[in-house]
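[1] Make a model of this:
(2 chains)
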There are 2 protein chains.
Amino acid sequence: MPSYQTVDLAKSYRLLNHGPTVLVSSAHGGRQNVMAAAWSMPLDFNPPKVAVVIDKSTFSRQLIEASGEFVLNVPLQPQAAAVLRVGSDSGLDVADKFAASGLVAAPGHAVAAPHVDGCAGWLECRLIREPHNQQQYDLFIGEVVSAWADPTLFVDGHWQPIHDDAKRTLHYIAGGHFFTIGATLDVPLPE
Amino acid sequence: MPSYQTVDLAKSYRLLNHGPTVLVSSAHGGRQNVMAAAWSMPLDFNPPKVAVVIDKSTFSRQLIEASGEFVLNVPLQPQAAAVLRVGSDSGLDVADKFAASGLVAAPGHAVAAPHVDGCAGWLECRLIREPHNQQQYDLFIGEVVSAWADPTLFVDGHWQPIHDDAKRTLHYIAGGHFFTIGATLDVPLPE
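    Model prediction:
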C-alpha cells in the first residue's frame, strides 16, 4: 500500500486533467458512501475547484448536500470491477458499498468524508453550493482543500510515466468497458 | 482521411466519456478559431449536454458568446503538437490559428462553427446561456445537436479497441506532456 504524500493545491488539478473516471466518497450522520463518476473535471487552478455530476437518485447526493463535502478519488486498474460495482449499486439499497465492493475506506484529512485506499490520489473538496446548477444539471462544484497522491505515480505535481499496468488510471467507456491510460507523449513546447 | 459517420445523439456522450482533451472550434462574423481544452465533460445523456471551461481571455469565448455555438472535437495522437500550439496561441494575436497550427477546418453540419478534420469525432453544440456560470466559473454548457465520428474508431455508439497508435486520443497532463489512451479493459458486469 503506498504512503500517500500531500500535493501542492495549485497542482492538484493535474490529478484530474487527463480525464480519469473517479470515485466520489462522502459521509454524513454516521453513514458513508462511495459512487463512480465518469463526469468530472477541473474547474479552476488556484484556488483549485472541480466540477462533478451527481445524479438526483443517488444516496451520495444526500450525503454531499447534507455534509457540504466530498472526495474525488482516482482509482487504478485493479479497482475496475469495484468501480463498476459502486457505479451500479445504490447506497439507498446497499448498507455499506465499501464492504460490498471490497473498496477500503481511509480517514479523510481536512474533511469527514473518507478516501478510497489504493487510488492514485484524492482531492478533498468543500461543496460550493450552487442550487440552480445542482437542480437543473446535477452539477456540483467544489473547492479542493487538500490533495494527496501516490508518490510512485505523481511526484512534485508531475505524473510519472506508467510502466506497471496495475498503476494505470481508468477511463470509463460504457457497459463493462474501460480504457486504461497509456503511454506518455512528449511534444516540444511551441516557441 | 476517414469518412465521418453520424452518431446517435443519445450515444454521443461516449465520445467524451473517457476524458479526452478536446479542441473547441467556433466561428462568428467571418472569423473562425480553434483552442484546446482539457477541461470538458458530458453533462447529460438525452438530450445530450456538455460542459467546457473557456477562459475569459480567449478569442474563442468572444466567438462562442456572439454565435451561441461551438464544436468539441476529439483530437488524435498525430495532432498533439497542433493541440499544444492552439492551446498556447491566442486568436487575439494570431489571425488564423488553423493555418498557424496546420489543423484543417471542415464545414459544420448543424452549426456554422467548423470541425477539425482528422479527429476521432466531434460534437456540434448550441450554447445554453448561463451567465452566472460563464462569469463566475468560465463554465459553458452546450446541448449537443449533431455528432459525428470516425467509423474505424467508433461504431454504433461503441469505441473499438485501438491498435494503431495514430488513432489514440490525447489526455493532456501539463507543459508539453500528454498521455495517450491505452488498452481496453473489459470487466464482467455486476449481477
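[2] End to end on stretch A:160-176, go ahead and measure it.
    Stretch A:160-176 has an end-to-end distance of 27 Å (criterion: Cα to Cα, to the nearest Å).
[3] for that stretch, which positions count as buried?
    A:Ile162, A:Lys167, A:Arg168, A:Thr169, A:Leu170, A:His171, A:Tyr172, A:Ile173 (16 or more other Cβ atoms under 10 Å in any protein chain shown). The way it works is simple: take the backbone N, C-alpha and C, and place the C-beta from them, glycine included.
[4] From the residues you listed, pick the one nearest A:Pro48.
    A:Pro48 has its nearest neighbour among the buried residues of stretch A:160-176 in A:Thr169, at 18.6 Å by Cβ to Cβ.
[5] Neighbours of the residue lying closest to the closest one once chain neighbours are set aside, how many?
    Nearest residue to A:Thr169 in three dimensions, chain neighbours excluded: A:Pro20, at 4.0 Å (Cβ to Cβ, 6 or more residues apart in numbering or on different chains). Number of residues near A:Pro20 (other Cβ atoms under 10 Å in any protein chain shown) recorded here: 29.
[6] Now pLDDT and distance to A:Ala106 too, for the buried residues of stretch A:160-176, in JSON lines please.
    What follows is the buried residues of stretch A:160-176, written out as JSON lines (pLDDT from 0 to 100; distance: Cβ to Cβ, whole Å):
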{"residue": "A:Ile162", "pLDDT": "94", "distance to A:Ala106": "22"}
{"residue": "A:Lys167", "pLDDT": "97", "distance to A:Ala106": "18"}
{"residue": "A:Arg168", "pLDDT": "98", "distance to A:Ala106": "21"}
{"residue": "A:Thr169", "pLDDT": "98", "distance to A:Ala106": "19"}
{"residue": "A:Leu170", "pLDDT": "98", "distance to A:Ala106": "19"}
{"residue": "A:His171", "pLDDT": "98", "distance to A:Ala106": "24"}
{"residue": "A:Tyr172", "pLDDT": "98", "distance to A:Ala106": "23"}
{"residue": "A:Ile173", "pLDDT": "96", "distance to A:Ala106": "28"}
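[7] Was I right to think the residue nearest to A:Thr169 contacts A:Leu170?
    Yes - under the criterion of Cβ atoms under 8 Å, A:Pro20 makes contact with A:Leu170 at 6.3 Å.
[8] shared neighbours, the two?
    Common contact partners of A:Pro20 and A:Leu170 (Cβ atoms under 8 Å, 6 or more residues apart in numbering or on different chains): A:Pro75.
[9] The residue in chain A that chain B sits nearest to and A:Val7, how far apart?
    Going by Cβ to the nearest Cβ, chain B is nearest to A:Gly19 of chain A, at 1.6 Å. Distance, A:Gly19 to A:Val7, using Cβ to Cβ, to the nearest Å: 18 Å.
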